[in-house]
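Engineer: Next input, structure requested:
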Amino acid sequence: MEDDIKGKVFKLKDLVGFQEGSIVSRTIIDRPEGTVTLFAFDEGQALSEHSAPYDALVTVVEGKLEVKLGGKPNEVNAGESIIMPAGVPHALRALSQAKMLLVMVRGS
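Structural biologist: Numbers count the residues shown, from 1 in each chain. Below is the predicted model of the structure:
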């Protein structure tokens with residue numbers, strides 16, 4: 001998917017649109033070493049609690065998300081980021097329509 005934007009200037013927020021009652025995602029980079037994925041959440045949509053074996057960086061591109069880490073809620077607004085530590089249960093919920101960039105780097 002990334003080939004259509006490689007070497008071009010683009011705005012992250014324009015790469016994925018909102019869909020009523022849904023979460024939409026677009027993988028921008030997918031390599032064995034890690035992934036970069038853009039998500040668009042309609043207001044109220046959520047990803048249930050889960051954990052990952054690697055640290056993950058979430059950057060909110062547009063709107064506002066609640067990111068729970070180990071049960072503790074964190075409000076993350078457009079232009080802000082949070083690192084979700086490996087092995088810590090986390091969940092996400094859109095407090096408004098929101099877009100986020102998820103960067104996961106796999107390591108040993």
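Engineer: Go ahead and confirm residue 33 touches residue 103.
Structural biologist: No: in this structure, residue 33 is not within contact of residue 103 by C-beta atoms under 8 Å, at 11.3 Å. C-beta here means a position set from N, CA and C on the backbone, and glycine is covered the same way.
Engineer: Quick check: pLDDT value at residue 100.
Structural biologist: In this prediction, residue 100 carries a pLDDT score of 98.
Engineer: For residue 92, list each beta-bridge partner.
Structural biologist: Note on residue 92: beta-bridge partners residue 47, residue 67, judged by DSSP bridges.
Engineer: if we can go back for a sec, so residue 33 and residue 103 - more neighbours on which side?
Structural biologist: residue 103 (17 against 9; other C-beta atoms under 10 Å).
Engineer: show me the residues around that one that make contact.
Structural biologist: With contact set as C-beta atoms under 8 Å, 6 or more residues apart in numbering, residue 103 has these partners: 34-36, 56-57, 59.
Engineer: Give me the buried entries from the residues you listed.
Structural biologist: Neighbour counting by 16 or more other C-beta atoms under 10 Å classes 35-36, 56, 59 among these as buried.
Engineer: Out of these, which comes closest to residue 10?
Structural biologist: residue 36 (12.8 Å; C-beta to C-beta).
Engineer: Can you tell me the SS state at that closest one?
Structural biologist: strand (DSSP: H, G, I helix; E, B strand; the rest coil).
Engineer: With that, I have no additional questions.
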